[in-house]
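# Next one to model:
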Amino acid sequence: MPPPRTGRGLLWLGLVLSSVCVALGSETQANSTTDALNVLLIIVDDLRPSLGCYGDKLVRSPNIDQLASHSLLFQNAFAQQAVCAPSRVSFLTGRRPDTTRLYDFNSYWRVHAGNFSTIPQYFKENGYVTMSVGKVFHPGISSNHTDDSPYSWSFPPYHPSSEKYENTKTCRGPDGELHANLLCPVDVLDVPEGTLPDKQSTEQAIRLLEKMKTSASPFFLAVGYHKPHIPFRYPKEFQKLYPLENITLAPDPEVPDGLPPVAYNPWMDIRQREDVQALNISVPYGPIPVDFQRKIRQSYFASVSYLDTQVGRLLSALDDLQLANSTIIAFTSDHGRQSMDLVELVSLFPTLAGLAGLQVPPRCPVPSFHVELCREGKNLLKHFRFRDLEEDPYLPGNPRELIAYSQYPRPSDIPQWNSDKPSLKDIKIMGYSIRTIDYRYTVWVGFNPDEFLANFSDIHAGELYFVDSDPLQDHNMYNDSQGGDLFQLLMP
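Below you'll find the model as predicted:
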């Protein structure tokens, strides 16, 4: 089953996936003589750069594009792991997965690795009212079933009541029956509770903004949207924006030459959807029928446009309440894909702190398991060119010195049922990836889940793609290179 690639996506490799759009902006510069700036952090699930602000001519995303036009838009922003829980814990603590020791969904970093501070916790400790709406931390064990309350939030986090229906049989199929499908355009009035999670999250976020309008304290509001994460469950009217006859196939759907089997993602979570099961696609490499490929892309784009309307409602409320000029807005995806300078999501913590005028947490020592407040990401304030803000001495001047790191676990050298999201005990191999402006380099090495140790002398496979000559990363040059020595030199 060739991976469901839309555009130039790298989701199918499961490595070096980026935030889709890290757009950081504020109308007012923070300094010691001004009132504290509010922060609105918008986190989107599985959004790739299928947006007008990234040059996509098909997708309609006017509200996100408008935000991007007034923001610093990063073109090369990379998540540290392409799975929801590890990625969110990583950028919300400013620590890499090897420090949080979270590679799956089944542990809480404060118990498992260290009592690390989070972005909202740091703002809370500095006088902010901190609030969480929707999917900010991944719910469940990885956030202690409390979204990290009470550490991170001033009030109990809000979750939409309709969240529980996301993966249930609410999708009307061609047979007229309800199914748990991948493709799920719905009549909102007919679904349970007559609403959808992202609509509820927007409404709650606006209510909180209205309350904070008269607050004497600055606020930190994090709003997490579910779409366009699968299933593609969205109001059916958005499907009309993308007639199937206008949907092209992915321009580069084939597996790269020389791709090692360990790097292939069999997408078992997608295969579990009823409409995909009905296709009887062979595991793991069977092709998706062309007509279904178009439907996947149509529903993804429709989900993005639905998301865009929710972002628009939220930003309009910020304007209407006259809060926009005193609010830093950060917009990011937990993982997606996009290809200015290379940056990492672990840099979100120090950068938001610096923009708000707070003291930027110090760089972490190695190791840092005993240090509660530090950050492994770079401070990106240099990119904003604020003359009175100190530049981070760790930002190199030569763009070829910039490197982004990410990683992804695998249970086996070949694709199997749990390759997408192996539990910690099943992780036998860890892929470590380096991205520079010139190349992407990955080694898959042995991993001991009991000791959280990677064995870099036990190399199972490697990948090397040169960006200039192979922009779609179709030709793995690892076996033609002396890549191992280069990797050891570049590891942090």
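
# how's the chain carved up into domains?
Here the domain parsing of the chain from automatic domain parsing is 11-392, 400-490.

# Quickly find the element holding L221.
Using DSSP states H and E, L221 falls within strand 219-225.

# Mind listing residues that contact whichever helix or strand comes after that strand?
On the C-terminal side of strand 219-225, the closest following helix or strand by DSSP H and E is strand 232-235. With contact meaning CB atoms under 8 Å, 6 or more residues apart in numbering, strand 232-235 is reached by 166, 170-171, 182-188, 196, 227, 296, 299-300, 302-303, 306. (Glycine included, C-beta is placed from N, CA and C.)

# Save the domains of the chain as CSV, and put in mean pLDDT and mean neighbour count too.
Formatted as CSV, the domains of the chain follow (pLDDT from 0 to 100; neighbours: other CB atoms under 10 Å):
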stretch, mean pLDDT, mean neighbour count
domain 11-392, 90, 19
domain 400-490, 90, 18
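
# any idea how far the residue most central in space within the chain lies from N38?
The C-alpha lying nearest the average C-alpha coordinate of the chain belongs to D334 (CA atoms, centre = their mean; 1.4 Å). To N38, D334 is 22 Å away according to CB to CB, to the nearest Å.

# again with Y122
Distance from Y122 to N38, by CB to CB: 15 Å.

# Which residues are in contact with the residue lying closest to the residue nearest to the centre of the chain once chain neighbours are set aside?
Distance criterion CB to CB, 6 or more residues apart in numbering; nearest residue to D334, sequence neighbours excluded, is S87 at 4.5 Å. Applying CB under 8 Å, 6+ apart to S87 gives the contacts A79, Q80, Q81, D334, H335, L345.

# ok, so of these, who is nearest L352?
L345 (11.6 Å; CB to CB).

# The nearest residue to that closest one once chain neighbours are set aside in helix, strand or coil?
Spatial nearest neighbour of L345, chain neighbours left out: F91 (3.8 Å); criterion: CB to CB, 6+ apart. At F91 the chain is in helix, as set by DSSP: H, G, I helix; E, B strand; the rest coil.

# contacting residues around F91?
Contacts of F91 by CB under 8 Å, 6+ apart are A79, Q80, T332, D334, L345, V346, L348, F349.

# hey, where'd the helices end up in the stretch 51-200 of the chain?
Applying DSSP state H, counting those that start in this stretch to the stretch 51-200 of the chain gives helices spanning 62-69, 84-93, 97-100, 109-112, 119-125, 197-212.

# wait, which of those helices is closest to S433?
helix 97-100 (12.0 Å).

# before we move on, the earlier item: compare the helices of the stretch 51-200 of the chain and report which one is nearest to V371.
Across those, closest to V371 is helix 97-100 (CB to CB), at 9.8 Å.

# which one's the longest strand in the protein?
Secondary structure of the chain per DSSP state E: the longest strand is strand 453-466.

# Describe which strands that one pairs with in its sheet and in which direction.
When pairing is defined by DSSP bridges, strand 453-466 lines up against strand 439-448 (antiparallel).

# gap between the partner strand and the chain center?
21 Å (CA atoms, centre = their mean, to the nearest Å).

# Make 148 the first number, not 1, from now on.
Done: numbering now begins at 148, and the last item shifts to strand 586-595.

# quick one, helices of the stretch 448-597 of the chain?
Per DSSP H, counting those that start in this stretch, the stretch 448-597 of the chain carries helices over the ranges 495-502.

# Okay, strands next: where are they in it?
Counting by DSSP state E, counting those that start in this stretch, the stretch 448-597 of the chain has strands at residues 474-480, 489-491, 551-557, 576-582, 586-595.

# Could the C-alpha coordinates of the first one be exported in PDB?
This file holds the C-alpha atoms of strand 474-480, laid out as PDB (Å, rounded to 0.1, in the frame of the first residue of the first chain):
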ATOM      1  CA  THR A 474      -1.500  39.100  22.200                       C
ATOM      2  CA  ILE A 475       1.200  37.000  20.800                       C
ATOM      3  CA  ILE A 476      -0.200  34.400  18.500                       C
ATOM      4  CA  ALA A 477       1.600  31.100  17.900                       C
ATOM      5  CA  PHE A 478       0.200  28.700  15.300                       C
ATOM      6  CA  THR A 479       1.700  25.300  14.900                       C
ATOM      7  CA  SER A 480       0.900  21.600  14.100                       C
END
